[in-house]
Each structure stands twice: as structure tokens, then as C-alpha cells.
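Chemist: Here you go, sequence then predicted model.
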Amino acid sequence: MIHSVSVLFPVGVPRPFDYGVPHGLPGGEQLRAGSFVYAPLGQQMKLGVVVATHDAPDTERKLKDIAQVKNCAPLTTAMMEFIAFTARYNCAPPGMVLRMVLRSYKALDPSPMVTRYAPSGSVPVRLSSARQKVLDADIDWPARAAEAANAAGVSSGVVSGMAKVGALHAIEEPLDPQFETPNPDLSGLSLTPGQAAAAAQLERLVAGGRFEAALLDGVTGSGKTEVYFEAAAQALRDGNQALILVPEIALTQAGLARFKQRFGAEPAAWHSQMGDAARRRTWREVYTGRAGLVVGARSALYLPFKRLGLIVVDEEHDTSYKQEEGVIYNARDMAVVRAKLERATVVLASATPSLEALTNARSGRFHHIILPERPGAVTMPDVALIDLKEHKPERGKYLSQPLIDAVTESLSRGEQAMLYLNRRGYAPLIICRECGAKLKSPDTDSWLVQHRRTGRAMCHHTGFSMRMPRACPTCKAEDSLSPVGPGVERVEEEARLLFPDARIEVLSSDTAGGAEHLRARMARMASGEIDILVGTQMVVKGHNFPKLTFVGVVDGDLGLSGGDLRAGERTYQTLVQVAGRAGRADKPGRALIQTHQPEHEALAALAAGDRERFISAELEIREALELPPYGKLAAVIISGATPQLADKACRDFLAKAPRADGVDILGPSEAPIAMLRGRHRRRFLVQGAMSLNLSAYMAAWQSAYRVPSKVKLQIDIDPQGFM
């Protein structure tokens, strides 16, 4: 007999709470870890999840009772273990991890029913003109009363009245329909021998029914997607579910169409721009096991799969997999953990694998599956560097003559060009020519970015926005504010002056619009309706533009500054992906990268087409400094309302650091953005040996320190950014 249970709630508390189980409570005898219950928490009745049951009565204290056992299937054991691991590894409250899982708790109930109408085929002899209009209107039957009435220009009462006289019949249907069932045995694209061999290897791993991890390492355009589609097909044949993680919403949209082509049905989607109804539908269908294929952003990893057989992390190196707010975690690493707990296969796919994934593959911890070439006669683009010290653009301009000549050549052949700059807006800095003041965001130590399209100055860290002032806020001089440096809008402006007859568009997160707008723009680019696409990182991930033969990188040095230990790796990865957009069909591609540092190892290796040269040099430095993948890192960010409060909190926190061998604590120091949203920020960097359980060390340190009410403390295991 179950006397009490421990219940975890989706709130920021450090532990579950114990409750009694009243005798005779419906469903009480079936309670187990993962069961959903309602119980009082403070003045509210909240939904929680049982994490443990207790057979012995608790005689030492008076427990409140749970109020109701939710009549639905519990979360799986693997899901419960994954929640606990995520919290433990990332030093996060387990309730906040549960909150990520229960994003659509209303989906625990069956879909609401809705009444739709359709013609019955039996029309009364006498029919009013209004009712005749309904039958004559172009209506997509079955339709709800309001939909049919709106199409016919009548009232909803006319439609429901027609059902009463037999002209229409009513159909009760779920408001949230099930997803179409994907067919794993539809024939996909013809695979090359290399692709077929890679697909067969993945299929064997998936069919094994045990945990396996593989790195799918293929050059851009080598067909990685088609290969892992076959792994997904194998998971479906085995009666399991498959999850495809992608780093950007734009890729989610593109992926739906490619899945439709291969499996005859679009997968269930999951990303931040979905409405509540779509989110509820996907959550329920995943939870019941009816959604066999899911494609989504990083948070899709926390959907309640019933029988997960495959996880694919596409573009596994991408920094978008790192969540920086709330529960801080890396979806790539957590995907490996979830696959292990589910006894499933995880595939990390990339043309530019992270050094961590590559090291795991080369050491034998992951299977290493390589696609070294593009199919058929398609070749990798030629990549060259433009030394801006020798080829200086005109004053106030940002495109060098070799870059201009290359775009001109592509356009003259009726081909497309892309200009890449990972910087939104018109200019990243606005400075006063009179007093030298730089426009900054209020309460934030970051510059405002000028956006000429909207006539506003914006902070990309806080979202603050204001109309561009005519006068300097500091010295009040009018018409003295000047943009400094280029953003994509400024590159577009320059391109329009150089190529007045070209069809030019800008693509960045500011201009992408909604999902349908973005999909339409990608379709225009793919069909050749755009001559020059100017874009940020949104344009480089997973898109296939057959007529694009030239890519120009406006600033190849952009990611090399700032003290980031991964700066070289990220720059190399990004530029390989950018260059790889060119020449993906039957025409050869070319890429030019403008730089002031042509001798930099990442850029030189890229121009030489020698990936191994860069990897070897980068790993040698990492190993000497005991940095990932040869060591472990954690970051601590402490912020306070005043510099004094933040500094005192740092001193007090540092005094509580546990003594341990193999740990170096660097800091505290000001964060690169020293003030954000009115809070003064300080950082520690904790470096540990590979043998150290760094998560346990940080958890012990955190538990020894009581955070003051006006201080915020964040722990980031394996930080990917250093702002």
C-alpha cells in the first residue's frame, strides 16, 4: 500500500515535496514515478509529477494529501531519469527542468471535440435563398458553422438550421487531428555508393535496439540529410519514434517539405514560434506515441516521447543548441544522454564537427561515418582570401574590388551571388562626431545598432528600441550622429549602388518575418528570382540554392576577437558552411573571404582546403592548456544592482569554494558586457581536469553559498559563449 509520494512541481524549487495518499483515492494504488497528480502548493492546487512512492507511513510529521491522480499515462522511466540528469549535470533546479517538459500540460487531456458540417446529399424540396447560398458557395467541406457561414455570407444559424432539416449532417471530430502516418518504405532519392554504405551502417545501429552514438561527418552538400533519413526510416519500421533536432526555425520549415517528399507525410514540428494549439497538438501526439517523426529546435529534446529510437542532431556544432537562459544546457550533449537512457541511437551530423564530437569519434567512443565528397560531378567550391591590407575598399565602402568583380562575373552568367555578414542592421555603432559619445542601451553596457529600414536604434541583447534621435543625447548637437561599420543593411545599400539592375534582398532575423514569409523567400532564392542575397547566419545552414555559384564574405575576421577559446573553431566552421552554399548543383562554386588576417590558422587552412591542418593545430593548443576536449570548464556569472554588491557577492562566493585537486578558479572579473538590464555582472571561469566531476563540484560550491536577495548567480557547465 502506498502511504505517501514525493511530488516534483514545475517551479524553481530545489527539491520535491512529500504528500500523503488518502485511502480510497481513485488511482492511488497505481501511483508510480512519472504519475501526474494535483496537490496543494501554498495557496494553489498545482499539477506535479511523482518522483518516488513510499510504502511505509510517515509517523514523524503531518503530510498534506494529494487531491487527485490525473487519469493519463505516466512519464516513462527514461524521461524521469533524463529530467533528473539534466538538473544534476547542469546545476539547475529539477522543477525548472520539469517545467520545460510540461510546456503543454493541457495536452494530457484528449483533444477537445468540434462539430463540422458537410452536405448530406438530401436536399429538402423547399429551401430558402440563404440556405441555397450555403450549398452553392465554394466551401471546403467539412467545415465549422462559422467557416461555412462566412464563406456563404450568411449567419451561423442558417448552417446549423440546415443540419436540423437534413440538408447538412454534423460530424464530431477532434479539434487537434492526428498527424499523417509517415511511410518508411517510400523510395527516397537515389543514393550514391558512399551514401548507401553510410545509410546501411546507421540502419544497423538503429536496428540493434541498444544505445549507439555516431558522428556523421560529411562535407557540405554530401547528402547527410538523405543518409540520416534512412536511419529514421529504420526507427519507424521498428515501431519507434525519431527526433530530428535542427539549430534554426528556418531549417525546421525547410525540413518539413523534405520529410514530406521522403516519407509521404510532414513530421510533427516543435519550435518557439508555434502557437499554443499547435504546441498542444504536437505534445499530445508525441506523448501518446502517435507522432512517429518529429523535427524541432533544441527544446524538442524535452518532449515526452513514448518509445524514442533515434535522435539526430543536425549541424551538431551549432551554438544555437546551447540554451543560455533559464535552465542552461547544451542540447547536443543532452541528446547523447537521452539516447543512452532510452537505449536509442544518436547521430551527430555536421560538415564541420565540433572538436568534442570529433575527438569522441576518433577515440572510438562514437562511430565515425564519413562522407568525403559531393555526389556526381558536383565539386567543393574554390575558396580564396582577399587581403584587405592590399585590396582596400573605397573610403566609406566595405566591398573590395576583387569581391565586386566576382559578383559581376556571376551575374553576367545568369547565376546568383551571396554576400555574407553576420551582423544585423545598418551599422553596429552610432557615434557623435562632435563629442565622441557612443549611443548605448539604457542600463546596459552595449552599443545600440542602427536599423535604417525601421529608422530605429536597437539593443540586440535586451530588445530595447528607440527612434533614431536627430541630436546627440550627450552634447545635444543636431545631425551629428554617424553610423560606424557595416551591417547587412549597409552592405545591401552598397550592393544596390554597384548593381542597380540586380534583384537584391536581405535576410536576417530582423527581416525574416514569419515562418511562411521565410519559406517563400527561400523558395524565391532557390528558383532564381533573387540575384544577390545579403544575409547573416540564417542563410548558411542547410539551404540548397542550385543557381548560387558565388559567396562573398564581407568580414572574415568578425568572430576572431573577444577572447573566446573557441573563436578559431567557430570562425572555421562558419566560413566552411558559408562557402559550402556555392556550387551545389552542376555549376562550380567559388568563395572569397575578405580579411585583415590572412595568416590566421583557421583562414589559411580554409583557403588551402586542409581541414586536418586546422584541427591538429587547434587540438594541440587545447591539449597544452587542458581546455575542452582535454579538460572541463564551468562559468559562474554573478550580478547585482550595484558594482559594490556584485563585488561583495563574488568575494563571499569565492570564500565558499571547496578544496579539490585539479581545479583552477579564474576571476572574478568584469564580464565583457559588464552591465546588462541594470545589473552589474562579474564572471568566474572554473577549469577542471577530465577526471573531475565538475558538475558535482559546482553543485557543492553552490549549496555552500546562500545567494542574497538582490544578487543573481548562474552556473554554466561547458560554456559556449563568454559575454
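Modeler: Yep, it's here.

Chemist: Please name the residues that touch Ala213.
Modeler: By C-beta atoms under 8 Å, 6 or more residues apart in numbering, the contact list for Ala213 reads Val336, Ala339, Thr345, Val346, Val347, Leu348, Asn360, Arg365, Phe366, His367. Every C-beta, even on glycine, is put in place using the N, C-alpha and C of the backbone.

Chemist: can you check Ile139 too?
Modeler: Under the criterion of C-beta under 8 Å, 6+ apart, the contact partners of Ile139 comprise Glu147, Ala148, Ala151, Ala152.

Chemist: how about those in TSV, adding secondary structure and neighbour count?
Modeler: Shown next, in TSV, are those (DSSP: H, G, I helix; E, B strand; the rest coil; neighbours: other C-beta atoms under 10 Å):
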residue	secondary structure	neighbour count
Glu147	helix	17
Ala148	helix	25
Ala151	helix	16
Ala152	helix	21
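
Chemist: mind giving me CSV with the contacts of Ala213 and columns for distance to Arg374, pLDDT and neighbour count?
Modeler: Written out in CSV, the entries for the contacts of Ala213 read as follows (distance: C-beta to C-beta, whole Å; pLDDT from 0 to 100; neighbours: other C-beta atoms under 10 Å):
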residue, distance to Arg374, pLDDT, neighbour count
Val336, 28, 98, 20
Ala339, 29, 98, 23
Thr345, 26, 98, 30
Val346, 25, 98, 26
Val347, 20, 98, 29
Leu348, 20, 98, 28
Asn360, 26, 97, 20
Arg365, 28, 97, 13
Phe366, 24, 98, 23
His367, 22, 98, 18
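
Chemist: Nearest to Arg496 among those?
Modeler: Leu348 (40.6 Å; C-beta to C-beta).

Chemist: and that closest one, backbone torsions?
Modeler: The phi/psi pair for Leu348 (degrees, to the nearest 10) reads phi -100, psi 120.

Chemist: pLDDT at the residue nearest to it when sequence neighbours are not counted, what is it?
Modeler: On the basis of C-beta to C-beta, 6 or more residues apart in numbering, the spatially nearest residue to Leu348 that is not a chain neighbour turns out to be Glu316, at 3.9 Å. What the model reports as pLDDT for Glu316 is 96.

Chemist: Kindly report the same for Asp65.
Modeler: Spelled out, the predicted local distance difference test score at Asp65 is 95.

Chemist: Tell me where the stretch 501-650 of the chain has strands.
Modeler: When assigned using DSSP state E, counting those that start in this stretch, the strands of the stretch 501-650 of the chain occupy the ranges 504-507, 532-535, 548-553, 590-595, 632-640.

Chemist: mind checking which of those is nearest Gly209?
Modeler: With respect to Gly209, and counting by C-beta to C-beta, the nearest of the strands of the stretch 501-650 of the chain is strand 632-640 at 32.0 Å.

Chemist: can you tell me the average pLDDT over that closest one?
Modeler: The predicted model assigns strand 632-640 a mean pLDDT of 96.

Chemist: Next up, phi/psi of Leu341, please.
Modeler: Torsion angles at Leu341 (phi, psi; degrees, to the nearest 10) stand at phi -70, psi -30.

Chemist: where does the closest residue to it other than its chain neighbours land in three-state SS?
Modeler: Leaving out its chain neighbours, the residue that sits closest to Leu341 by C-beta to C-beta, 6+ apart is Ala78, at 4.5 Å. Each residue gets one of three states, and Ala78 gets helix by DSSP: H, G, I helix; E, B strand; the rest coil.

Chemist: How about His317?
Modeler: Of the three states, His317 takes coil according to three-state DSSP.

Chemist: neighbours of it, just the number please.
Modeler: Residues contacting His317 under the criterion other C-beta atoms under 10 Å number 27.

Chemist: Tell me how far it lies from Gly535.
Modeler: When distance is defined by C-beta to C-beta, to the nearest Å, His317 is 19 Å away from Gly535.

Chemist: next one: Val11
Modeler: The span separating Val11 from Gly535 equals 40 Å under the rule C-beta to C-beta.

Chemist: Who has more neighbours out of the two?
Modeler: Relative neighbour count places Gly535 above the other of Val11 and Gly535, with 25 against 15, counting by other C-beta under 10 Å.

Chemist: May I have the beta-bridge partners of the more buried one?
Modeler: When bridges are called by DSSP bridges, Gly535 pairs up with Tyr420, Leu507.

Chemist: pLDDT at it, what is it?
Modeler: 91.

Chemist: For it, give me its contacts.
Modeler: Gly535 is in contact with Met418, Leu419, Tyr420, Leu421, Val488, Val506, Leu507, Ser508, counting by C-beta under 8 Å, 6+ apart.

Chemist: which two of the residues you listed lie the greatest distance from each other?
Modeler: The largest distance within these, taken as C-beta to C-beta, falls between Met418 and Ser508 and amounts to 13.0 Å.

Chemist: Between those two, point out the one with more neighbours.
Modeler: The residue with more neighbours, out of Met418 and Ser508, is Met418; 28 against 20, by other C-beta under 10 Å.

Chemist: All set, thanks.
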